[in-house]
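Asker: model this:
(2 chains)
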Number of protein chains: 2
Amino acid sequence: MTLRVLGVDPGLTRCGIGVVDVERNRQATMVAYGVVGTSPEDSLDQRLLVIALAIDEWLDRHEPHVLAVERVFSQLNVSTVMGVAQASGVVIAAAARRGIPVALHTPSEVKAAVTGSGSSNKDAVTKLVTKILRLDTPPRPADAADALALAITHAWRSGSGTANKGAATTGPGSSSLTPAQRAWAEAEAKARRAR
Amino acid sequence: MTLRVLGVDPGLTRCGIGVVDVERNRQATMVAYGVVGTSPEDSLDQRLLVIALAIDEWLDRHEPHVLAVERVFSQLNVSTVMGVAQASGVVIAAAARRGIPVALHTPSEVKAAVTGSGSSNKDAVTKLVTKILRLDTPPRPADAADALALAITHAWRSGSGTANKGAATTGPGSSSLTPAQRAWAEAEAKARRAR
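Answerer: Predicted coordinates for the structure are as follows:
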């Protein structure tokens, strides 16, 4: 059984999107990736519309089992974080409208899952994503690599596309599931069975 | 000619919504108001979905010429501002999907337009909204009154119901006033000082 995850690294100027298929044995394969860009010169409503329409298209085309979005944090500067939060709201609502479950992961969770260290830099994430997905060239820009990393992280943390929770507690970067994560993984598995 | 404005005071827990019709002579009439509430116990995606579906319904039912949204600021605490920004993103994208222009106004712009002072409290705003709309009882909760105040503010600032779409499409809000809007705003400010 394959779990298809669409990862999104939200942003107004650049929204990274990546789709991966993850097998029971944790093997992850790249399906597609890209970036939706909008210009700071456009009005906020038009920028959010471009993102909304793009996400709709990606969700419709790739039909992921789950959407993984980077959890927005406040470490960024204030005006940036607003745009990131607004974009993430649009992305999350688009999945929710389709009944696609949404999972949030922090940047450090993603770094830990993919590189083994929660404090790795962007280059390390891109490098490991390239290796994990067995790509010939690194995904560019970094936002797209981050989106792929998010998707991989989600699949691995939620049990690498299997109902076997034990698998989630082994392997690089995966920590044991919290009760909430376990409940989430079970709901997700149920949702997949319902399809 | 009447300008119909749908105002939204965005929030995850309570999203105030208010619709007003504003005539050429600045007379404003309440069409409808309400609040969309979501529980902090629900997941973020389900909360944003509830808001998205509610906004869709309000836009479809009332067919406003323009959507006025409160500009999100960072003075709030960080976790609150994230939810507010995410909700506002969903609301703005819903209007943009329908080709409805979106305008942003700051809380102090709203207070200034409705009460004459940018530092008025919520009670003063509710009181003046009640008076301006000639209502028998104050709109409750305060979020709904704020949404109505936003709608009134937008109509008044954009030339009180001239249905001039150009004036309404301020994108990032009041910073991009047309010369007519600026003249109007200045006249308004002068009138307030004269009181």
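
Asker: just the C-alphas of stretch A:62-78, formatted as CSV.
Answerer: Extracted C-alpha coordinates of stretch A:62-78, given in CSV (Å, rounded to 0.1, in the frame of the first residue of the first chain):
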residue,chain,number,x,y,z
HIS,A,62,-2.4,14.2,-7.7
GLU,A,63,-5.2,13.2,-5.3
PRO,A,64,-3.0,12.9,-2.2
HIS,A,65,-4.1,10.8,0.8
VAL,A,66,-3.0,13.6,3.0
LEU,A,67,-1.7,17.2,2.9
ALA,A,68,1.4,18.0,5.0
VAL,A,69,2.0,21.7,5.7
GLU,A,70,4.8,23.4,7.6
ARG,A,71,3.6,24.7,10.9
VAL,A,72,3.9,28.5,10.8
PHE,A,73,6.1,30.0,13.5
SER,A,74,6.7,33.5,14.6
GLN,A,75,10.5,33.5,14.4
LEU,A,76,10.2,35.1,11.0
ASN,A,77,9.7,38.8,10.8
VAL,A,78,6.1,40.0,11.4
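
Asker: buried sites along it?
Answerer: Residues of stretch A:62-78 classed as buried: A:P64, A:H65, A:V66, A:L67, A:A68, A:V69, A:E70, A:R71, A:V72 (neighbour count, 16 or more other C-beta atoms under 10 Å in any protein chain shown). To be clear about C-beta, it is placed using only N, CA and C from the backbone, and glycine gets the same treatment.

Asker: which members of those additionally contact chain B?
Answerer: Applying C-beta under 8 Å from any C-beta of the partner chain to the buried residues of stretch A:62-78, one finds that A:V72 fall near chain B.

Asker: quickly name whichever of the buried residues of stretch A:62-78 is closest to chain B.
Answerer: For these, the residue nearest chain B by C-beta to the nearest C-beta is A:V72; the value is 5.7 Å.

Asker: show me what contacts the closest one?
Answerer: The contact partners of A:V72, by C-beta atoms under 8 Å, 6 or more residues apart in numbering or on different chains, come to A:P10, A:V81, A:V84, A:A85, A:S88, B:M82, B:Q86.

Asker: what do you get if the cut-off is 7 Å, keeping everything else the same?
Answerer: A:V72 is in contact with A:V81, A:V84, A:A85, A:S88, B:M82, counting by C-beta atoms under 7 Å, 6 or more residues apart in numbering or on different chains.

Asker: quick one: contacts of the helix or strand where the first one lies?
Answerer: Applying DSSP states H and E as the criterion places A:V81 in helix A:78-97. Taking contacts as C-beta under 7 Å, 6+ apart, the residues outside helix A:78-97 that touch it are A:8, A:10-12, A:15, A:48, A:51-52, A:55-56, A:59, A:67, A:69, A:72, A:74, A:76, A:102, B:44-46, B:48-49, B:52, B:72, B:74, B:82, B:85-90, B:93.

Asker: partner strands of the following helix or strand past that helix, with direction?
Answerer: Per DSSP H and E, the first helix or strand lying C-terminal to helix A:78-97 is strand A:102-105. Each strand paired with strand A:102-105, and its direction, by DSSP bridges: strand A:66-70 (parallel).

Asker: surely A:R157 touches A:A113?
Answerer: Yes - at 6.3 Å, A:R157 counts as touching A:A113 under the criterion of C-beta atoms under 7 Å.

Asker: okay, the two: which has more neighbours?
Answerer: A direct count of neighbours by other C-beta atoms under 10 Å in any protein chain shown for A:R157 and A:A113 places A:A113 higher, at 26 against 23.

Asker: could you list the buried residues of the host helix or strand of the more buried one?
Answerer: Element membership of A:A113, judged by DSSP H and E, is helix A:107-115. Within helix A:107-115, the residues that qualify as buried are A:P107, A:E109, A:V110, A:K111, A:A112, A:A113, A:V114, A:T115, counting by 16+ other C-beta under 10 Å.

Asker: do you know how far the third one is from chain B?
Answerer: For A:V110, the distance to chain B (C-beta to the nearest C-beta, to the nearest Å) stands at 18 Å.

Asker: state the phi and psi torsions of A:C15.
Answerer: Backbone torsions for A:C15, taken as degrees, to the nearest 10, come to phi -110, psi 110.

Asker: per-residue confidence for A:L76?
Answerer: Confidence at A:L76, expressed as pLDDT, is 59.

Asker: now the buried members of the contacts of helix A:78-97.
Answerer: Among these, the ones that count as buried by 16+ other C-beta under 10 Å are A:8, A:10-12, A:15, A:48, A:51-52, A:55-56, A:59, A:67, A:69, A:72, A:102, B:44-45, B:48-49, B:52, B:72, B:82, B:85-90, B:93.

Asker: is it true that A:R4 lies in a helix?
Answerer: No - using DSSP: H, G, I helix; E, B strand; the rest coil, the assignment for A:R4 is strand, not a helix.

Asker: which residues are in contact with it?
Answerer: A:V19, A:D21, A:V31, A:H62, A:P64, A:H65.

Asker: the third one belongs to a strand?
Answerer: Yes - counting by three-state DSSP, A:V31 is located in a strand.

Asker: tally of neighbours for it?
Answerer: With other C-beta under 10 Å as criterion, A:V31 counts 18.

Asker: likewise A:A28?
Answerer: A:A28: 23 neighbours (other C-beta under 10 Å).
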